[in-house]
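*Asks:* Sharing a model prediction with you, sequence too.
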Amino acid sequence: MLFDASLPPVSLKDVPAIARAAEEIGFAALWTTETQHDPFLPCTLIAEHSERLHFGTAIAVSFARNPAILAYTAWDLAQQSNGRFILGLGTQVKAHIERRFGMTWPESVTGKLREQIAAMRAFWDCWQNGTKLDFRGEYYKLTLMSPFFNPGPLPSLPSPIGGGDGGEVIPIYIAGVNTGLAKLAGETCQGFHAHPFNSRRYLGEVLLPAIETGAAKAGRKRKDVKVSVTAFVATTPEEENFCRAQISFYASTPSYRPVMALHGWEDVAEKLSAYAARGEWGEMFGLINDDMLREFCLIADEADLPAALQERYAGIADRLTLYLPFSPGEKEGFWRGMARASNI
């Protein structure tokens with residue numbers, strides 16, 4: 001199980017020091033997010049200020065971008081880092097795509113994301129192998145690539161076009177909560193970012209079987225898809241309160257309701273959605289009782305946390321990130337201990 005870190009929402013000037021510290025401490029990868037900042041800009045600095053550290057987006061919002069933009073950006077980051085970049089994509093939810101990004105929500109979420117992935121690989125195949133760009137789908141028709149706009153192959157790296165067999169220079173991870181995207185990851189991607197709003201039961205009973213179903217459809221195996229889990233953890237009462245609030249926010253999202261429904265808490269999810277619709281955020285916290293908190297958040301002493309995480313996610317996670325952004329100088333002893341104990 002590889003232990004990764006998440007970049008906090010900081011300005012770009014702070015990224016080099018964080019990247020150097022993450023590599024020195026021993027994290028396997030450093031992930032950027034798309035919340036308050038662009039997820040790709042920090043990646044150039046991580047690549048520049050590290051030598052071994054892998055890095056990637058967890059996630060970049062795919063439906064806010066077109067395949068060409070994603071393909072060019074990923075290509076440049078793979079070249080800059082000698083293949084250490086991982087492209088992590090997520091669809092976001094309809095309200096954000098339409099009202100925050102001003103884009104159109106597709107009729108088929110998995111259908112459009114599948115096309116985006118295939119279209120990006122068509123660009124990469126064209127640039128690396130000289131294949132004529134001729135991609136035609138329901139959402140995209142891509143047939144123009146003149147030499148002036150062709151970045152050419154990545155000379156020091158093998159071809160990234162491997163049919164999704166895990167040997168690609170630019171691995172693609174996609175994120176999801178429900179089974180449709182998990183199946184798509186199993187069928188076409190090198191990894192799956194499990195949403196932080198998860199439980200071991202939901203991961204084991206719902207998402208992993210869906211990944212396996214998708215993999216079998218494409219003649220692949222579960223081991224071909226790296227499952228990256230972001231875990232809520234709490235070692236203090238203050239962290240418990242923080243996690244309770246975040247869980248209440250995620251559980252209010254209608255499209256995430258199957259997670260609560262699996263545990264018999266769908267009625268609570270409906271109440272949370274009603275509060276969120278009215279903007280009554282302060283009322284939501286108290287609906288997450290202790291049983292819910294412990295289902296979605298691992299509560300342990302710092303010294304016991306590595307072993308507790310291993311027990312909770314063994315056989316589930318190939319990569320593990322805590323839902324605590326990494327900041328050098330803050331809890332440094334904790335992070336060093338986690339990195340030593342968890343990259344196992």
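*Replies:* Arrived safely, thanks for sending. Numbers count the residues shown, from 1 in each chain.
*Asks:* After the one helix or strand residue 311 maps to, which helix or strand is next?
*Replies:* Using DSSP states H and E, the secondary-structure element containing residue 311 is helix 305-313. Following helix 305-313 in sequence order, the next helix or strand is strand 319-322 (DSSP H and E).
*Asks:* what about the host helix or strand of residue 338, distance to the chain center?
*Replies:* In this structure, residue 338 sits in helix 332-342 according to DSSP H and E. Mean C-alpha position of helix 332-342 versus that of the full chain (Cα atoms, centre = their mean, to the nearest Å) differs by 22 Å.
*Asks:* ok, and what's touching that helix?
*Replies:* 1, 3, 5, 25-27, 302, 305-307, 309-310, 320, 322, 326 (Cβ atoms under 8 Å, 6 or more residues apart in numbering). The C-beta positions use only the backbone N, C-alpha and C, and glycine is treated the same way.
*Asks:* Out of those residues, which comes closest to residue 115?
*Replies:* Set against residue 115, the nearest of these by Cβ to Cβ is residue 320 (30.7 Å).
*Asks:* Would you mind confirming that the closest one makes contact with residue 309?
*Replies:* Yes - counting by Cβ atoms under 8 Å, residue 320 touches residue 309, with 6.4 Å between them.
*Asks:* and the next element down the chain from the longest helix anywhere in the chain?
*Replies:* If you go by DSSP state H, the chain has its longest helix at helix 109-129. Next along the chain after helix 109-129, taking DSSP H and E as the criterion, comes strand 135-136.
*Asks:* Could you list the alpha-carbon positions for stretch 99-116 in PDB?
*Replies:* Provided in PDB are the C-alpha atoms of stretch 99-116 (Å, rounded to 0.1, in the frame of the first residue of the first chain):
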ATOM      1  CA  ARG A  99     -23.600  26.900 -12.700                       C
ATOM      2  CA  ARG A 100     -19.900  27.200 -11.800                       C
ATOM      3  CA  PHE A 101     -18.300  26.300 -15.100                       C
ATOM      4  CA  GLY A 102     -21.000  27.300 -17.500                       C
ATOM      5  CA  MET A 103     -20.800  24.000 -19.400                       C
ATOM      6  CA  THR A 104     -23.400  21.500 -20.500                       C
ATOM      7  CA  TRP A 105     -24.100  18.500 -18.500                       C
ATOM      8  CA  PRO A 106     -24.100  15.400 -20.700                       C
ATOM      9  CA  GLU A 107     -26.900  13.000 -21.100                       C
ATOM     10  CA  SER A 108     -24.600  10.100 -20.400                       C
ATOM     11  CA  VAL A 109     -21.900  10.800 -17.800                       C
ATOM     12  CA  THR A 110     -20.000   7.600 -18.400                       C
ATOM     13  CA  GLY A 111     -20.500   7.900 -22.200                       C
ATOM     14  CA  LYS A 112     -18.900  11.400 -22.300                       C
ATOM     15  CA  LEU A 113     -16.000  10.500 -20.000                       C
ATOM     16  CA  ARG A 114     -15.300   7.400 -22.000                       C
ATOM     17  CA  GLU A 115     -15.100   9.500 -25.100                       C
ATOM     18  CA  GLN A 116     -12.800  12.100 -23.500                       C
END
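*Asks:* Give me the contact list for that stretch.
*Replies:* By Cβ under 8 Å, 6+ apart, stretch 99-116 touches 61-64, 67, 70, 89, 91-92, 94, 97-98, 137-140, 174, 180-181, 183-184, 188.
*Asks:* Tell me the strands beside the helix or strand hosting residue 174, with direction?
*Replies:* Assigned by DSSP H and E, residue 174 belongs to strand 172-176. Partners of strand 172-176 in the sheet, by DSSP bridges, are strand 85-90 (parallel), strand 191-194 (parallel).
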